[in-house]
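> Quick one: sequence and predicted model below, then my questions.
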Amino acid sequence: MHAVPEGRQGNEGPLTAAAPDPAGGSDPSLLRFRAVLEAGLAALEARREEVNELNVFPVADGDTGDNMVLTLRAVLNELDRIAVASDDHTPVAQVGRDQIVASVARAALLGARGTSGVILSQLIRGAAEELASRPGELVDPVLISAALARAVDQAYGSVREPVEGTILTVVREMGVQVASDLARFRDARLPSSASAEVQNWVIAAVLERALQAGEASVGRGPELLPALREAGVVDAGGYAVTLVVAGILGTLRGGDPPLIEHQARARVTRPQHSSTTYRYCASFAVTGSDLEQWRFVSALERLGDSVLIVGDQATLKVHVHTDDPDGATALFNAHGTVSHLDVNDMREQVERRDERLAAPTPVCAAVAVTTGAGMRSLFESLGVRPLDGGPSLSPSSLDLLAAIHASRAEEVVVLPNGQAALQAARRAAGLSDKTVRVVPSLSPQAGLAAAVTLDPTQTADGNAAAMTSALDHVRTGAVAPARLDDAQGRFRAGDAVGFVEDEIVAWGKPREALREVLEQLAHDAELITCLRGAEAPLDDVTVQALAHGDVEFELSDGGQSGHWWLLAAE
């Protein structure tokens, strides 16, 4: 078995980086670490809800996907924070490896939620610490095997009573596969001169075999764990790990992740674990000095179960299922500062999950980018899931991907409602394993007109066609305060400016600008809808009086900032 493919040249691959420079601290393994984590997160986001609905152990609270996503996001956010906050604004690759590893381990620890999140944080910590222990080395089969072994040791060590058939088993068997393959590599070490393409190829070859072992381990989970067998599912955390690794493989090869077989949803069931006797899942961080984990275990176990305490003498992350979250945190008050407290009612979570599993699944759902509480409510009233895009209506593709996969339907249409969100929506659609269609709505008011046609019993293609047809019969307008003085001298900053589509048609006082926009939209229109902004300077009675008498007029609270009124004529 060769580590380096025969005949491959030094062309740049999808994850490019310069050769390491130990003196300068530049290290391509750190760049790759950031890139592959992002790819893994995207793949997990794509099936987040599916992972949630597999979750039956230790408690069927349906949040494993959520917890693991939040843990990975915390790590990525920390890497980005380091890059921006560096004193000289150097990129991540120039920051010291020890600093990054320490920050990553801490971010994963503090960001972890639930049992699955805590275990994932320890897997990340173990792998990161192995990277730190080998400065200047490229990531190759030897380093991958060592990182996996250390990650497994760290994760198993964090759990007082490890249970086989779970995420722990899956990662351990992936590590065993890599170690076994390593013995058959002719050249397991990569020279420092290896090109990015060669490095990507080698990492992908190793991880492909690990992924196959992980999928097989996931499939064997129900044989090892009765709670999985009785609910008719595989382990949610172990399945999530295979999704993450698949995402990493896709990025290394510059294409889509390999297909991971979908898993059947759990039968509606009550949790099998003894934590049914406890109501709350509590997790929190403790910062201080000389924090010894063993000192607190017995006291926590008297308050509940599923106890996890991980970290070091300066920072601990604590997880416990209990009826007394306040009592759990009080145990640490004399030893440090408690923060990052997160408490979830597991009984409510189980009930909501059972309701989701029992409810009929729609063929198609819709997601719309919104801003303002009023606009959110309007889309919800039409059966559309709103996603807050902020004042500029510009969510990230990962935010959109999460919203797509929070929808229970396997087919989804997306209404971006702005130019900034359109490309992000298209990227999210490409990342998703669901059938996703992006409808080119370029304003919230146009999106609302399209959303009226949503039919959950139809396919995404059918809904997208109906929505696009609706957009063809909509003209949009808006009135907003000018941000700058007009170069042509027509208005000053703060004056009202009226638009029909993208053309400025009126300016001056708010009343006159709104009247002109309404007049122009009224031509050949049957209905004009108007969304009032948070700072609209005219009262509703005045606005209603300006409406054209021959056209039906609907005024609603949009709550948007930036625009006083958003209008659509149909």
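That came through, no problem.

> Can you show me the helices along the stretch 151-300 of the chain?
Counting by DSSP state H, counting those that start in this stretch, the stretch 151-300 of the chain forms helices over residues 167-182, 196-224, 226-231, 236-252, 294-303, given from the N-terminal end onward.

> same question, the stretch 351-500 of the chain
With DSSP H, counting those that start in this stretch, the ranges of helices along the stretch 351-500 of the chain come out as 373-381, 397-406, 419-431, 444-451, 460-472.

> Quick one: closest of these to residue 74.
Proximity to residue 74, assessed across the helices of the stretch 351-500 of the chain by Cβ to Cβ, is greatest for helix 397-406 (13.3 Å). Where you see a C-beta, it was placed from the backbone N, CA and C, and this is true even at glycine.

> what comes into contact with the closest one?
Residues lying outside helix 397-406 but in contact with it, judged by Cβ atoms under 8 Å, 6 or more residues apart in numbering, are 41-42, 45-50, 69, 367, 369, 385, 387, 412, 414, 421, 424-425, 427-429, 431-432, 434, 436.

> Just the buried residues out of these, in ChimeraX syntax.
The ChimeraX command for the buried members of those (criterion: 16 or more other Cβ atoms under 10 Å) is given here:
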select :41,42,45,46,47,48,49,50,69,367,369,385,387,412,414,421,424,425,427,428,429,431,432,434,436
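
> hang on, the earlier thing: can you say which of the helices of the stretch 351-500 of the chain is packed in most?
Between these, helix 444-451 has the highest mean count of neighbours, a mean of 27, where neighbours are mean count of other Cβ atoms under 10 Å.

> Need the CA coordinates for that helix. PDB is fine.
Taking only C-alpha atoms (Å, rounded to 0.1, in the frame of the first residue of the first chain), the coordinates of helix 444-451 have been written out as PDB:
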ATOM      1  CA  PRO A 444     -39.300  40.300   1.600                       C
ATOM      2  CA  GLN A 445     -42.600  41.700   0.100                       C
ATOM      3  CA  ALA A 446     -42.100  39.600  -3.100                       C
ATOM      4  CA  GLY A 447     -41.300  36.600  -0.900                       C
ATOM      5  CA  LEU A 448     -44.500  37.000   0.900                       C
ATOM      6  CA  ALA A 449     -46.500  37.100  -2.300                       C
ATOM      7  CA  ALA A 450     -44.700  33.900  -3.400                       C
ATOM      8  CA  ALA A 451     -45.200  32.200  -0.100                       C
END
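
> Please tell me how far residue 545 sits from residue 137.
Using Cβ to Cβ, to the nearest Å, one obtains 74 Å as the distance from residue 545 to residue 137.

> correction: residue 505
From residue 505 over to residue 137 the distance is 64 Å, taken as Cβ to Cβ.

> ok, now residue 238?
Counting by Cβ to Cβ, the gap from residue 238 to residue 137 is 29 Å.

> what's the answer for residue 442, then?
Here residue 442 is placed at a distance of 49 Å from residue 137 (Cβ to Cβ).

> quick one on the thing from earlier: can you put the helices of the stretch 351-500 of the chain in JSON lines and add distance to residue 512 and mean pLDDT?
Supplementary listing: the helices of the stretch 351-500 of the chain in JSON lines, determined by distance: least, Cβ to Cβ, whole Å; pLDDT from 0 to 100:
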{"stretch": "helix 373-381", "distance to residue 512": "25", "mean pLDDT": "88"}
{"stretch": "helix 397-406", "distance to residue 512": "38", "mean pLDDT": "84"}
{"stretch": "helix 419-431", "distance to residue 512": "28", "mean pLDDT": "89"}
{"stretch": "helix 444-451", "distance to residue 512": "21", "mean pLDDT": "91"}
{"stretch": "helix 460-472", "distance to residue 512": "29", "mean pLDDT": "93"}
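
> Quick one: closest of those to residue 34.
helix 397-406 (14.2 Å).

> how about that closest one as PDB, C-alpha atoms only?
Below are the C-alpha coordinates for helix 397-406, written out as PDB (Å, rounded to 0.1, in the frame of the first residue of the first chain):
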ATOM      1  CA  SER A 397     -24.900  29.500   4.000                       C
ATOM      2  CA  LEU A 398     -24.500  27.400   7.100                       C
ATOM      3  CA  ASP A 399     -27.400  29.200   8.800                       C
ATOM      4  CA  LEU A 400     -29.600  28.500   5.800                       C
ATOM      5  CA  LEU A 401     -28.400  24.900   5.700                       C
ATOM      6  CA  ALA A 402     -29.400  24.500   9.300                       C
ATOM      7  CA  ALA A 403     -32.900  26.000   8.600                       C
ATOM      8  CA  ILE A 404     -33.300  23.700   5.600                       C
ATOM      9  CA  HIS A 405     -32.600  20.700   7.700                       C
ATOM     10  CA  ALA A 406     -34.600  21.800  10.600                       C
END
